[in-house]
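Got a predicted structure plus its sequence, pasted below:
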Amino acid sequence: MFDLQTRRQFLNTTGMGLGATVLGNLAAQAETGAHGFRLPKSPAKRVIFLFMGGAPSQLDLFDYKPELHKRFKEALPESIHKGQRVTAMTRGKAKLVAPSMFKFKQHGSNGMWLSELLPNLGSVSDDLALINSTSTTAINHDPGKTLFCTGTEIPGKASMGAWLSYGLGRLNENLPDFIVLNSAFWTGGMGNVQGLYSRLWGSGFLPSKHQGVPFQPSGDPVLFLSNPKGVNRESRHKMLDLVTKLNEEHMARVGDPEIQTTIAQQEMAFRMQASVPELTDLSGENEAQNEKLYGPEMKKSGSFARNCLLARRMAERGVRFIQLFHRGWDHHSTLPKKIRGQAYDVDQACAGLIKDLKQRGMLDETLVVFAGEFGRTTYGQGKLERDQYGRDHHPKCFSTWMAGGGIKGGMTYGKTDDYCYNVVKDEVRVRDFNATILHQLGIDHDKLTFPFMGLDQKLTGVNPAKVVKGIIG
């Protein structure tokens, strides 16, 4: 006598069960470094990704083009924009050059040019690899952010943090592999602040235990972390034991690997009830020293500066991938006013994070990454004066930077044309950028794959990607 199986149970115990076996083998191999996607060396152990939602203007922050002042309000030559795709907001309108109103200054041993808006970042320029030749295929925010975070503009794929959790495993059994921190306010104001979507830190086709865990700026850092009234830690443990036993019995019947994920996540949640309050409790920190490093905004819960400090604490405790989102960079009008506030939010905090990691001996093993989803146009949008302008979305060139984790500091990589409109040297596409992050963590981007819908899925997608070796120390 045997039990009749439903079609779903059959698929779970065959295809999905096989997937669980493959995943288990892969995890074991990843720990020993035996699997084919691992590289011989991995300078970085973890990543802190500082994502600037809305797209900062490279022309006003990083890519110095002083000659543009002579071309103020001139039409952008057809030979430069060559009929490239533009947004509906500026399609068919005059493309008049809008030079940056901000002064630039050279910093560090190699004279890196940075805007006056970034004086603190200039103090750590010898640790930065500034990439002025990044490009993307996306021209709107949603697909642009989705591409950077998941490797494709199509929603539903696994995010970078999920890939790293899947491929490399845990560094700390009491905290998630992947944590997300979103700034709760912006000095630059609330205008043009696009929403964030859980798919940016989702697991997609990977087991759901690899998805990112968002932390809240107030109340419980993680939703439902605290026990309800009348429930203590001992009684919670008994509940967990009972639920685990029931789930294991269910797993034995149907073989669905997501049941194992549920068991693992429930156990992780129990451990996090002890580990997360300790992580987010800053009472043991030197407040005066942290304020000097990260700036006065560090005192405000939910600020980018405070999130940078929390990111350092997470890195110390072995969180593999920490992603900070700071929105509000979408400056279609009155850019000079708004970008001042945004730069104030991030300049000292970014520099403070790098200094803090360095003084603790952690920067060599921590890859810090800074990027937005695309750049901004050289031509103005809205009212155009010397000190008043906006900029539209621009995918063909923009600036990003990396620091630590085996990256060569004090260098500017790549070059754009005289109008800061096209890359003319050493283009770095999003998939190249992501391939480089994986490389620094000891992963061959072509070999870290997962079978889904008949394809071996990769973070870097189906088109060829290259590691940007010119920025590696």
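Perfect, I can see it now. Values in this document were obtained by computation on a predicted structure and should not be read as measured data.

what about Glu234, how many neighbours?
Other residues near Glu234 come to 8 when the count uses other Cβ atoms under 10 Å. For glycine as for every other residue, the C-beta is placed from the backbone atoms N, C-alpha and C.

Over to Leu147?
Neighbour tally, Leu147, other Cβ under 10 Å: 24.

Surely it is in contact with Thr134?
No: if you go by Cβ atoms under 8 Å, Leu147 and Thr134 don't touch, sitting 11.9 Å apart.

Averaged pLDDT, stretch 63-70. What do you get?
In this model, stretch 63-70 has an average pLDDT of 98.

Need the residues touching each of Leu147 and Thr134.
Val430 (Cβ atoms under 8 Å, 6 or more residues apart in numbering).

Which strand or helix spans the closest residue to Val423 other than its chain neighbours?
Nearest residue to Val423 in three dimensions, chain neighbours excluded: Ser133, at 4.5 Å (Cβ to Cβ, 6 or more residues apart in numbering). Using DSSP states H and E, Ser133 sits in strand 128-135.

So which elements touch whatever helix or strand comes next after that strand?
Sequence-wise, the next helix or strand downstream of strand 128-135 (DSSP H and E) is helix 141-150. Applying 3 or more Cβ pairs under 8 Å, 6 or more residues apart in numbering; DSSP states H and E, one finds that helix 141-150 makes contact with strand 46-52, helix 430-440.

what's next to helix 141-150, contact-wise?
51, 53-55, 136-138, 152-155, 157-160, 194, 196-197, 199-202, 204, 323, 330, 371, 373-374, 393, 395, 430, 433-434, 459.

mind checking how far that helix is from the chain centre?
10 Å (Cα atoms, centre = their mean, to the nearest Å).

got it, and stretch 239-252?
Taking Cα atoms, centre = their mean, the mean C-alpha location of stretch 239-252 is offset from the chain mean by 35 Å.

So which bits of it are buried?
Thr244, Met251 (16 or more other Cβ atoms under 10 Å).

Report the rounded mean pLDDT for that stretch.
79.

begin at 26 from here
All right, first residue 26 from here; so that's stretch 264-277.

need the helices for the stretch 26-175 of the chain, in chain order.
In the stretch 26-175 of the chain, the helices defined using DSSP state H, counting those that start in this stretch lie at 32-36, 42-57, 83-86, 103-106, 144-147, 166-175.

Show me what the fifth one is packed against.
Spelled out, that is helix 144-147. Secondary elements touching helix 144-147 (3+ Cβ pairs under 8 Å, 6+ apart): strand 129-132, strand 137-140, helix 360-384.

what about 6 Å?
The helices and strands touching helix 144-147, judged by 3 or more Cβ pairs under 6 Å, 6 or more residues apart in numbering; DSSP states H and E, are helix 360-384.
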